[in-house]
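Novice: sequence first, then the predicted structure, then my questions.
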Amino acid sequence: MCLNLINVILKKVLSLVLLTLFICLPNKFYAQLITDGAGVGVTVNGKSSFENVSTADPYYGNKFSYNTYDFWLPIPSFKIGKTRILGIINYRVLNFTFDKNIENSPNYITKIQEIKPTIVVRRPIGKRWTAFGIFIPTIASDFKSSFSMDDMVYDGIFGVSRKFGKKSNLEIGIGPHIMYSFGKILITPAISVDYKSNNGKWFAQLYWPRVNVFRNLGNNTQIGIAGSIDWTLHNLQNYNNYEGTAIDYAQFSAVHGGLQISQRLFDGFWLQLQGGLAFANKYTLYDSNNNSITDYKTKEIPYAKIMLTYRFGK
């Protein structure tokens, strides 16, 4: 009886906290924004080593592993006329562990911190059409020196989306993906897909940089596949590579993909477990002309991820 009372009190306290935090949020999240509007996650990657290294390189014979810690909260939503503005803010820590220490070297970055708000602006332009903009200004650095504008990456997607089906259960968005960082502008096409089957058993989301395909097993369990492109650009000015060439910035990237099971704990709280492989793992160093001067690669790395999230509109 005492345990039941504790559980009831815990649920009430958590519900009150969520109500206070998210009172301004809409009842439904749209395409281009994940429904897990708040949560924490830990990704543990297996040990690996870089393949294409010479014996003079500090990475030669030096194995490493890294963990990723994520925390995210919603940005309170509001409307200006017909325009809806909403989003989330994500804080990520990439923590690296090496077998051999390397002093005063960009190859021995043990911790990178990243702050990434995702702000979505949507405005209906017809019964089924919507214009949208997704703004993703990002700060990423080892924070060993004071913050500067060189630690900023400006990222965004702009376009239109349209709903399909009698129940408007399919929404497809298209538009350019524009990123500006370290004096370089990159423009690529982008597409988003948000789908839910008529019987509510299947749903899929595809948008930069994630893909999810799940099947509902009742109201409390989901199984499926999940993937994401994880990359971090960070400032590395005032460093040289092992050959003595000046470095401007670096990019660490990997593609994660695997199986995922999600279990509702209570109310909107879900526990998610994911396991699979991280592939296309790269750590690239660039000079001030945006040229790659060192390009490290690894084989596939097994990973496991655990997340505790709160979902809106589910």
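Specialist: Nice, thanks for sending it over. All values reported here derive from a predicted model rather than from experimental measurement.

Novice: buried residues, stretch 181-196. List them.
Specialist: Of all the residues in stretch 181-196, those buried under the rule 16 or more other C-beta atoms under 10 Å are 181-182, 190, 192, 194-196. (C-beta placed from N, C-alpha, C; glycine too.)

Novice: sorry, wrong one. I was asking about stretch 194-210.
Specialist: Within stretch 194-210, the residues scored as buried using 16+ other C-beta under 10 Å are 194-196, 203-208.

Novice: of those, just say which sits nearest to Ile75.
Specialist: Nearest to Ile75 out of these is Tyr207 (C-beta to C-beta; 17.5 Å).

Novice: and that closest one, bridged to which residues?
Specialist: In this entry, Tyr207 is beta-bridged to Arg210, by DSSP bridges.

Novice: just Tyr239 next, same as before
Specialist: Applying DSSP bridges, one finds that Tyr239 bridges with Ile247.

Novice: any idea how far it is from Phe96?
Specialist: Remark: distance between Tyr239 and Phe96 (C-beta to C-beta, to the nearest Å) = 15 Å.

Novice: next one: Asn199
Specialist: Note on Asn199: its distance to Phe96, by C-beta to C-beta, is 45 Å.

Novice: circling back to that earlier point, which of the buried residues of stretch 194-210 has the weakest pLDDT?
Specialist: Lowest pLDDT among the buried residues of stretch 194-210: Trp208, with 73.

Novice: quick check: chain neighbours aside, which residue is closest to it?
Specialist: Ala190 (5.5 Å; C-beta to C-beta, 6 or more residues apart in numbering).

Novice: what strand or helix carries Gln272?
Specialist: In this structure, Gln272 sits in strand 269-286 according to DSSP states H and E.

Novice: can you name the next helix or strand after that strand?
Specialist: Later in the chain than strand 269-286, the nearest helix or strand by DSSP H and E is strand 292-297.

Novice: and that next one, what does it pack against?
Specialist: Applying 3 or more C-beta pairs under 8 Å, 6 or more residues apart in numbering; DSSP states H and E, we find strand 292-297 packed against strand 269-286.

Novice: for the helix or strand hosting Gln113, list the C-alpha coordinates in CSV.
Specialist: Secondary structure assignment for Gln113, by DSSP H and E: strand 111-124. Output of strand 111-124 as CSV, limited to C-alpha atoms (Å, rounded to 0.1, in the frame of the first residue of the first chain):
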residue,chain,number,x,y,z
LYS,A,111,35.0,16.3,-24.7
ILE,A,112,32.9,18.3,-27.1
GLN,A,113,29.8,20.1,-26.0
GLU,A,114,27.0,21.1,-28.3
ILE,A,115,24.0,23.3,-27.8
LYS,A,116,21.4,23.0,-30.6
PRO,A,117,18.0,24.7,-30.6
THR,A,118,15.6,23.6,-33.3
ILE,A,119,13.0,26.3,-34.0
VAL,A,120,10.1,25.5,-36.3
VAL,A,121,8.0,28.2,-37.9
ARG,A,122,4.9,27.1,-39.8
ARG,A,123,2.2,29.0,-41.6
PRO,A,124,-0.8,27.4,-43.5
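
Novice: that one pairs with which strands?
Specialist: strand 83-98 (antiparallel), strand 129-135 (antiparallel), strand 138-141 (antiparallel).

Novice: and the ones you listed, which is most packed in?
Specialist: Of these, the one with the most neighbours on average (mean count of other C-beta atoms under 10 Å) is strand 138-141, at a mean of 22.

Novice: quick check: mean pLDDT across that one?
Specialist: On average, the pLDDT along strand 138-141 is 85.

Novice: repeat for stretch 82-92
Specialist: The average pLDDT for stretch 82-92 rounds to 92.

Novice: equivalent analysis for stretch 261-279, please.
Specialist: 92.

Novice: and that stretch, end to end?
Specialist: Taking C-alpha to C-alpha, to the nearest Å, stretch 261-279 runs 21 Å from one end to the other.

Novice: and if you look at stretch 123-138?
Specialist: Where stretch 123-138 begins and where it ends lie 24 Å apart, using C-alpha to C-alpha.

Novice: now the buried residues of stretch 181-196 as TSV including distance to Ala250 and secondary structure?
Specialist: Listed next are these as TSV, based on distance: C-beta to C-beta, whole Å; DSSP: H, G, I helix; E, B strand; the rest coil:
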residue	distance to Ala250	secondary structure
Ser181	12	strand
Phe182	10	coil
Ala190	24	strand
Ser192	29	strand
Asp194	33	strand
Tyr195	37	strand
Lys196	39	strand
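
Novice: of all those residues, which two lie farthest apart?
Specialist: Phe182 and Lys196 (39.5 Å).
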